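Undergrad: What follows is a predicted protein model with its sequence.
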Amino acid sequence: MKRVVVTGCGGFVGPHVSSALAKSGYEVWGVDLREKSDDPSLRRYFSCDLSQREAVETILREAAPGAIVHLAAQSSAGGLSRSLLPPSRGT
């Protein structure tokens, strides 16, 4: 079975990608900042900040994935709602 690591597996898109990969026969290992995950499509889950290089290297050595799907991103509170506002016209 091919193994895939999905970063950002707890975000908006991550669970959908993880589920699709698992349904296609991949063994999915997830990485996210959240403490835990109850996503049934994940074979393994790691709570990890991707800026922590040693932790990431440890996960990747253990996983030895055939692929990495990198969906992790830094979000800002209210960022989406601000981006949906019409641009200001300046005065």
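TA: Nice, I can see it. Since this is a predicted model, take the numbers as computed values, not measurements. Numbering: from 1, shown residues only.
Undergrad: Need the contact partners of stretch 4-24.
TA: Applying Cβ atoms under 8 Å, 6 or more residues apart in numbering, the external contacts of stretch 4-24 come out as 26-34, 37, 39, 41-42, 45, 50, 59-60, 63, 65-73, 75. (Glycine included, C-beta is placed from N, CA and C.)
Undergrad: hmm, try it at 6 Å
TA: 26, 28-32, 34, 37, 39, 41-42, 63, 65, 67-72 (Cβ atoms under 6 Å, 6 or more residues apart in numbering).
Undergrad: Please enumerate the strands of this structure.
TA: Remark: strands assigned in the chain by DSSP state E are 3-7, 27-32, 42-47, 67-70.
Undergrad: can you redo the ones you listed as TSV with distance to L21 and mean pLDDT?
TA: Output for the strands of the chain, formatted as TSV (distance: least, Cβ to Cβ, whole Å; pLDDT from 0 to 100):
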stretch	distance to L21	mean pLDDT
strand 3-7	5	98
strand 27-32	5	97
strand 42-47	10	96
strand 67-70	8	97
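Undergrad: Deepest-packed of these, please.
TA: strand 27-32 (a mean of 24; mean count of other Cβ atoms under 10 Å).
Undergrad: tell me the angle it makes with strand 3-7.
TA: 20 degrees (axes from the mean of the first three to the mean of the last three Cα atoms, to 10 degrees).
Undergrad: ok now strand 27-32, how far from the chain's centre?
TA: Put simply, strand 27-32 sits 8 Å off its chain's centre (Cα atoms, centre = their mean, to the nearest Å).
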